[in-house]
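Novice: sequence and computational prediction follow.
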Amino acid sequence: MFEHMEKYAGDPIFRLNEAFHRDAHPQKVNLTVGLYYDNEGHIPVLSSVKTAEQRRAVEPAPRPYLPMEGLASYRDAVQKLVFGPDYPALRDKRIATIQSVGGTGALKVGADFLHLAYPDSEIWISDPAWDNHHSIFQGAGVRTHTYSYYDPETRSLRFDQMMSELQALPRKSFVLLHACCHNPTGVDPSPEQWLQLIPVLAQRELIAFVDMAYQGFGTGLDEDAFAVRAMADAGLTFVVANSFSKNLSFYGERCGGLSVMCASAEEADGVLGQLKAAVRRNYSSPPAHGGQITSDVLNDADLHAAWLREVAEMRRRIAFVRKEAHGQLKTKLPGYDSSYFVKQHGMFTYTGLSSQQLQILREKHGVYIIESGRISVPGLNTRNIGYFTDAMADVLG
Ligand code: PLP
């Protein structure tokens, strides 16, 4: 009955990751998947999470279904984290927020919601994109297009081009924007550029869908939310997906949030109802364990303070590795401009390496980088960075 169906090619990043694990190279380096590793090469269990879990394990509680929209304490904490604790719209109840199944679940529910609200609208996504953005919106019935974003020549943002393309979009189009730490390029608009872009969204009546999967990994938890908060200040109606996969090192627990900024409490109430309906027909209710732990970490003063320190530590390590890679490449490859390592932010750096160079890195040196040339920076640490920069020098020299 299903023989006619096309084979799923799988995700190329996961395929390469599997090839890495099969490789017997003694000094192999994995820079493929977007996971944060500590300096020992481990995915950290944050102490804030560990303490919250130990506290809950003392007296295991029953596991009823959570409400469709998730835990109230979790949703409140998401709003404070995304918009800032004192933001007036929180008090005015103008934001509809649900606990989502990771950032991906937030994107899917948000896509379903937008398609229901504006069935004829289409979405514009950065070029290049996190590939799943296209898949998720297409899966929700929304046609996808791209807008200019990254200039490989200058390794920076094509801001003027992006602005003029956004200015020409049909009214009520959806625009997917990354709040910070753009995946895959690591290139973000500056605060000044966001302040130029936001009036275009308002004038053209575009509906921004802001994806914030890496809050805290760029410049800081508040700084990384600059675009979201500036849009809120400008009075826009827009959607935000946030994720705890990276900043809580909570990938498999599938915790995130979806927030829709509305013009009034009444509108937000109606929107929340539609978000719940979308959840009900997708997966009914979000996961309880991860939701409870996330809520504990964000709402308990001590755990929250510990978590802030842990996010800062992850951010500092990424910045250190970037600086170190830049410094070593400057010495080993004097003619090569590696300043992109320090100019780009967050987990990812776009190297611009060719397919052939990537193949040599992989086959000769056991250094695994995905086909686009994107490096997941936290795969580097004090033990392997010298080996990595030697391999780069061999390929680029
Ligand atoms: N959005 C972007 C840009 C991402 O890079 C990712 C994860 O890699 C996500 C969303 C999804 O996050 P999650 O793993 O929480 O579903």
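Specialist: Great, that's in hand. Numbering: from 1, shown residues only.
Novice: CA only for contacts and neighbour counts going forward, please
Specialist: Noted.
Novice: residues touching the residue lying closest to Gly34 once chain neighbours are set aside, list them.
Specialist: The spatially closest residue to Gly34, leaving aside those adjacent along the chain, is Ser376, at 5.6 Å (Cα to Cα, 6 or more residues apart in numbering). The contact partners of Ser376, by Cα atoms under 8 Å, 6 or more residues apart in numbering, come to 31-35, 347-349.
Novice: cool, and Val228?
Specialist: 82-83, 179, 210, 240.
Novice: closest to Lys330 among the residues you listed?
Specialist: Ala179 (30.3 Å; Cα to Cα).
Novice: is the closest one in contact with Ala225, as I believe?
Specialist: Yes: with contacts counted by Cα atoms under 8 Å, Ala179 reaches Ala225, the gap being 6.4 Å.
Novice: so what sits against both of those two?
Specialist: With Cα under 8 Å, 6+ apart, Ala179 and Ala225 have common neighbours Met212.
Novice: neighbour count winner among those two?
Specialist: Ranked by neighbour count (other Cα atoms under 10 Å), Ala179 and Ala225 place Ala179 first, with 25 against 22.
Novice: beta partners for the residue lying closest to the more buried one once chain neighbours are set aside?
Specialist: Excluding the flanking residues, the one nearest Ala179 by Cα to Cα, 6+ apart is Met212, at 5.1 Å. With DSSP bridges as the criterion, Met212 is bridged to Asn242.
Novice: Met212 against Asn183, yeah?
Specialist: No: if you go by Cα under 8 Å, Met212 and Asn183 don't touch, sitting 10.3 Å apart.
Novice: still on that earlier bit, contacts only, for the residue nearest to Ala179.
Specialist: 178-180, 225, 240-243.
Novice: the same query, at a cut-off of 10 Å, please.
Specialist: 82, 103, 177-182, 224-225, 227-228, 240-244, 256-257 (Cα atoms under 10 Å, 6 or more residues apart in numbering).
Novice: rewinding a little: possible to save the contacts of Ser376 as TSV with secondary structure and neighbour count?
Specialist: Output for the contacts of Ser376, formatted as TSV (DSSP: H, G, I helix; E, B strand; the rest coil; neighbours: other Cα atoms under 10 Å):
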residue	secondary structure	neighbour count
Leu31	coil	23
Thr32	coil	25
Val33	coil	20
Gly34	coil	18
Leu35	coil	18
Met347	coil	28
Phe348	strand	26
Thr349	strand	25
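Novice: near the ligand too, which of the residues you listed?
Specialist: Gly34 (Cα under 6 Å from any ligand atom).
Novice: end to end, how far does stretch 257-270 reach?
Specialist: With Cα to Cα, to the nearest Å as the measure, stretch 257-270 spans 18 Å from end to end.
Novice: buried set for it?
Specialist: 257-263, 265, 268-269 (16 or more other Cα atoms under 10 Å).
Novice: likewise stretch 152-171?
Specialist: 155-159, 162-163, 166-167, 169.
Novice: in strands, which of the residues you listed appear?
Specialist: 156-157 (DSSP state E).
Novice: ok, the buried residues of stretch 152-171 vs the ligand, which is closest?
Specialist: Among these, Leu157 lies closest to the ligand (Cα to the nearest ligand atom), at 16.6 Å.
Novice: I'd say that closest one and Tyr150 touch.
Specialist: Yes: judged on Cα atoms under 10 Å, Leu157 makes contact with Tyr150 at a distance of 4.8 Å.
Novice: joint contacts of these two?
Specialist: 185, 187-188.
Novice: among those, who's most crowded?
Specialist: Among the shared contacts of Leu157 and Tyr150, Thr185 has the most neighbours (other Cα under 10 Å), with 32 neighbours.
Novice: packing partners of the lowest-mean-pLDDT helix or strand in the chain?
Specialist: Across the helices and strands of the chain, mean pLDDT, DSSP states H and E gives its lowest value to helix 88-91, namely a mean of 83. Other helices and strands packing on helix 88-91, by 3 or more Cα pairs under 10 Å, 6 or more residues apart in numbering; DSSP states H and E, are helix 72-83, helix 226-233, helix 265-282.
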